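Peer 1: Below are the sequence and a predicted model; questions follow.
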Amino acid sequence: MADFEVERSFFKQGYRFIAGVDEVGRGALFGPVVAAAVILPAEWFAGRRPEWLRRTKDSKLLTPMTREELAKYIRAQAEAIGVGFATNLEIDRKNIYWASLEAMRRAVERLPRRPDAVLVDGFEIKDLPYVQKGIPGGDKKSFTIAAASIVAKVLRDRMMARYDRIYSGYALARNKGYGTDEHYRALEERGPTPFHRKSFKLQAEKKLF
């Protein structure tokens, strides 16, 4: 269950603007990795927080409708939000690990307010000029990271819906670019688009039995 335990420990050390950072789309076959950085109001750490925050958790555990609703609250009430991307071309040129960290770095750099500290889902972002803490499974432990997860997921899902209108036949609005059977069948029939990750395995494993 997410809470503000880590945020409170930083707040007690004098850090007020604490950003949570997460990315989505790491395992997809299509499109960019999308990251978000979110700074929530520090007064929420002490308990004066909105009712909707109780439902904030890892975006993968929420329904699309709930994610959209919570993203609307987060955008309206957060102190600051930044988003970052790493394209499929960058993923192919470097690797997905680099691209995930780079998307998160860009999200932090695009915050309209400079953070005092950064909480990262997973591992710290190398050479980021802020106090950091990497938290494996952080989107399940920190409200701030969970909020970033929701913002990033909603944004990427909307991107996939737009791409679906351009590249029909791959069911991107349904599979969000991930390797479903339907997506693999479309790749076999149509081949990859310019936004597919050529460095990923774009053929499904053939079952012999």
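Peer 2: Nice, I can see it. Just so it is clear, the structure is predicted and the values come from calculations on it, not from any experiment. Numbers count the residues shown, from 1 in each chain.

Peer 1: Next, the closest residue to Glu79 other than its chain neighbours: phi, psi?
Peer 2: Distances taken as C-beta to C-beta, 6 or more residues apart in numbering place Ile39 nearest to Glu79, at 4.2 Å, with adjacent residues excluded. (Glycine included, C-beta is placed from N, CA and C.) Dihedral pair for Ile39: phi -110, psi 120, per degrees, to the nearest 10.

Peer 1: In the chain, what residue spans correspond to helices?
Peer 2: Here the chain has its helices, by DSSP state H, at 5-12, 64-77, 88-93, 96-109, 143-166, 172-175, 181-190.

Peer 1: mind checking which of those is nearest Arg49?
Peer 2: helix 143-166 (8.2 Å; C-beta to C-beta).

Peer 1: Tell me which residues of the closest one come out buried.
Peer 2: Neighbour-count burial for helix 143-166, with 16 or more other C-beta atoms under 10 Å as criterion, is recorded at 143-157, 159-160, 163-164.

Peer 1: go on, stretch 29-44?
Peer 2: Quick answer for stretch 29-44 (16+ other C-beta under 10 Å): 29-40, 42, 44.

Peer 1: Strands - which of the residues you listed land there?
Peer 2: 33-39 (DSSP state E).

Peer 1: quick one, which of the helices of the chain is nearest to Val131?
Peer 2: Taking these one by one with C-beta to C-beta, helix 5-12 is closest: 7.8 Å.

Peer 1: Neighbours of Ser9, how many?
Peer 2: Neighbours of Ser9 under the rule other C-beta atoms under 10 Å: 13.
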